[in-house]
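Novice: Okay, sequence plus prediction incoming.
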Amino acid sequence: MKIICIGRNYTEHINELENEKPDDPVIFIKPDSSVLPKSHPFVIPEFSNEVHHEVEVIVKINKLGKYIQPKFAHKYYQEFGLGIDFTARDLQSKLKTKGLPWEKAKGFDGATLIGRQWFDKSDFDLNNLNFSLLKNNKIVQQGNTKLMLWKIDELIAYISQFFTLKIGDIIFTGTPSGVGKVEENDVLIGKIENQSVFKVNVK
Ligand code: ZN
């Protein structure tokens, strides 16, 4: 199973990190070893003093595919959920400045939170979906999928030009603005519309 992440898919988040708006989706991959085991707290790694939360809508691939056309992309997933792409921002910035790959900053153990709850896409409008992240009961990130630069179907089509999508692969579709540092004892709750999807403690 691989985890494919999209960077810079929401304009406001591009602005807050002072990144350039990309011509094509920015793609990176996290290893499956980065998935935070069920009910485990997120432990801030020793090598970072600035781990950020990035809450993202995620989709689960349920059909093998390559060179998928955008109009057929909807056939390759049925369920979506919510996750966090934890990012050691200090390390990522250092690597970005040097033009080096940023895997260490995003692919470390525990850096991928996959909410346990999955939803059927036929019950929702995936192009107008509200989601949010609460830190210690205060909303810190709020997004709506209608603000994505590339929609889920477009992302699947684009990704599949480079990587064969396999059953069980998960796509992180990018984070809205409001990313910020997590500290010990923080409690993070992710919501889709008004429903809690995950809760994680930071240690
Ligand atoms: Zn992300």
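Specialist: Arrived safely.
Novice: got the contact list for residue 8?
Specialist: 14, 19, 21, 22, 25, 26, 149, 174 (C-beta atoms under 8 Å, 6 or more residues apart in numbering). Every residue, glycine included, has its C-beta placed from N, CA and C.
Novice: Next: residue 118.
Specialist: By C-beta under 8 Å, 6+ apart, the residues touching residue 118 are 60, 79, 80, 81.
Novice: Looks to me like residue 134 is in a strand.
Specialist: Yes - when DSSP: H, G, I helix; E, B strand; the rest coil is applied, residue 134 is found to be in a strand.
Novice: What residue, apart from its backbone neighbours, is nearest it spatially?
Specialist: Residue nearest to residue 134 in three dimensions, not counting chain neighbours: residue 189, with 4.4 Å by C-beta to C-beta, 6 or more residues apart in numbering.
Novice: ok, the helix or strand that contains that neighbour: who's next to it in the sheet?
Specialist: Using DSSP states H and E, residue 189 sits within strand 187-192. Sheet pairing of strand 187-192 (DSSP bridges) gives strand 130-135 (antiparallel), strand 195-201 (antiparallel).
Novice: Could you give the separation of that strand from the chain centroid?
Specialist: Distance of strand 187-192 from its chain centroid, counting by C-alpha atoms, centre = their mean, to the nearest Å, is 13 Å.
Novice: do the same with stretch 165-182
Specialist: Between the centre of stretch 165-182 and the centre of its host chain there is 1 Å, according to C-alpha atoms, centre = their mean.
Novice: what does stretch 25-39 give?
Specialist: With C-alpha atoms, centre = their mean, you get 9 Å for stretch 25-39.
Novice: First-to-last residue distance for it?
Specialist: Stretch 25-39 has an end-to-end distance of 32 Å (C-alpha to C-alpha, to the nearest Å).
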